[in-house]
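S.K.: I'd like to go over a predicted model; first the sequence, then the structure.
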Amino acid sequence: MAEIMQLDAISLAYDTPQGRQAVVEDFSLSLEKGHIGCLLGASGCGKTTVLRAIAGFEPLRSGRIILDGKVLSSAGFQLEPEHRGVGMMFQDYALFPHLTVEKNIGFGLRRLDSAERTRRVAELLHLVGLEGTERRYPHELSGGQQQRVALARALAPEPDLLLLDEPFSNLDIDTRERLAFEVRDILKSTGHTALLVTHNQAEAFAIADRIGVMQKGVIVQWDTPYGLHHAPANDFVADFIRREALMAQRAQAYLRGEEAG
Ligand SMILES: Nc1ncnc2c1ncn2[C@@H]1O[C@H](COP(=O)(O)OP(=O)(O)O)[C@@H](O)[C@H]1O
Ligand SMILES: [Mg+2]
């Protein structure tokens, strides 16, 4: 098993007017190369804080973040976000509205010459199924199309790890479900490793190889969708995992011809 990313007992806290508030405590997980992990938990449980720490925007109180054998963060140490090999696609990480699709995607490709950049943008647009939209502006695209451009932009510099923070939550329900499957297919076809956060079980089960159920800054169980279903670690996990989401996941797994009983 090739583990590319490890969170090794990380703890995070915010300094507030009321004093230091612990948000994430002794949080560990490891993600295999090419896998899609998902943190699933209620609003306010610390999902975004974990992603911001991996991206390099929040200091660790203790523990270590390791990517591809390199320590990105530890207590008192933080590698700059741009040197981490981490890409981001956030719900509110809007595209630059005054730039075309081509310029948005090319933003992280400024080191390439213009012919190379044009070729790479076309390749990424093909990957996300938006060929020929180079000259459009974000407002000329649907919400789902905009998120696919955001995905292309995040993948453009070939990050070792892609972070997705509730990337589908502003979309209508049909688009959200379709896009979740599309994003899974795109990441699988290119072999990217990703960590997604969501409070939506159906989304987590649709997309993830490993799911971490979170409760108040703690990871209660980090397991396969199948494992969460068949061997929930405690009553919290069992209650949290809704039956209909699992049935949908199992049906999808059967359709894909994978394990699931
Ligand atoms: N910049 C901040 N300063 C102080 N508290 C924060 C800050 N950001 C988040 N929090 C608090 O930390 C907790 C976890 O927040 P967050 O990671 O955004 O949760 P989630 O993404 O799971 O909804 C919440 O109680 C939130 O209010
Ligand atoms: Mg959040």
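M.R.: Sure, I can see it. Ligands and ions are numbered 1, 2, ... in the order given.

S.K.: Could you confirm whether stretch 18-37 reaches ligand 1?
M.R.: Yes: Stretch 18-37 is in contact with ligand 1 by CB under 6 Å from any ligand atom, via residue 23. C-beta coordinates here come from the backbone N, C-alpha and C atoms, glycine included.

S.K.: sorry, that was for stretch 208-218
M.R.: No: judged by CB under 6 Å from any ligand atom, stretch 208-218 stays clear of ligand 1, getting no closer than 7.1 Å.

S.K.: before we move on, which element is the residue in the stretch 151-261 of the chain that ligand 1 sits nearest to in?
M.R.: Closest to ligand 1 within the stretch 151-261 of the chain is residue 197: 6.5 Å, counting by CB to the nearest ligand atom. Per DSSP states H and E: residue 197 is located in strand 194-198.

S.K.: for that strand, what is the average pLDDT?
M.R.: For strand 194-198, mean pLDDT rounds to 96.

S.K.: list the helices and strands it packs on?
M.R.: strand 36-40, helix 47-55, strand 161-165, helix 201-207 (3 or more CB pairs under 8 Å, 6 or more residues apart in numbering; DSSP states H and E).

S.K.: now with 6 Å?
M.R.: On a contact count with 3 or more CB pairs under 6 Å, 6 or more residues apart in numbering; DSSP states H and E, strand 194-198 meets strand 36-40, strand 161-165.

S.K.: Straight-line length of stretch 96-112, end to end?
M.R.: Counting by CA to CA, to the nearest Å, you get 20 Å between the two ends of stretch 96-112.

S.K.: Please point out which parts of it sit buried.
M.R.: 100-106, 108-109, 112 (16 or more other CB atoms under 10 Å).

S.K.: Same list, those residues, but only the ones touching ligand 1.
M.R.: Of the buried residues of stretch 96-112, not one also sits near ligand 1 (CB under 6 Å from any ligand atom).

S.K.: For the closest residue to residue 148 other than its chain neighbours, the count of nearby residues, please.
M.R.: Nearest residue to residue 148 in three dimensions, chain neighbours excluded: residue 128, at 4.1 Å (CB to CB, 6 or more residues apart in numbering). By the criterion of other CB atoms under 10 Å, residue 128 has 21 neighbours.

S.K.: Could you do residue 257 as well?
M.R.: 7.

S.K.: any idea which element residue 125 lies in?
M.R.: Going by DSSP H and E, residue 125 is in helix 114-127.

S.K.: how far is that helix from where the chain is centred?
M.R.: How far helix 114-127 lies from its chain's middle: 23 Å, per CA atoms, centre = their mean, to the nearest Å.

S.K.: quick one on the thing from earlier: tabulate the helices and strands packed on strand 194-198 in CSV, adding columns for distance to residue 119 and mean pLDDT.
M.R.: As requested, the helices and strands packed on strand 194-198 are arranged in CSV below (distance: least, CB to CB, whole Å; pLDDT from 0 to 100):
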stretch, distance to residue 119, mean pLDDT
strand 36-40, 27, 97
strand 161-165, 22, 96
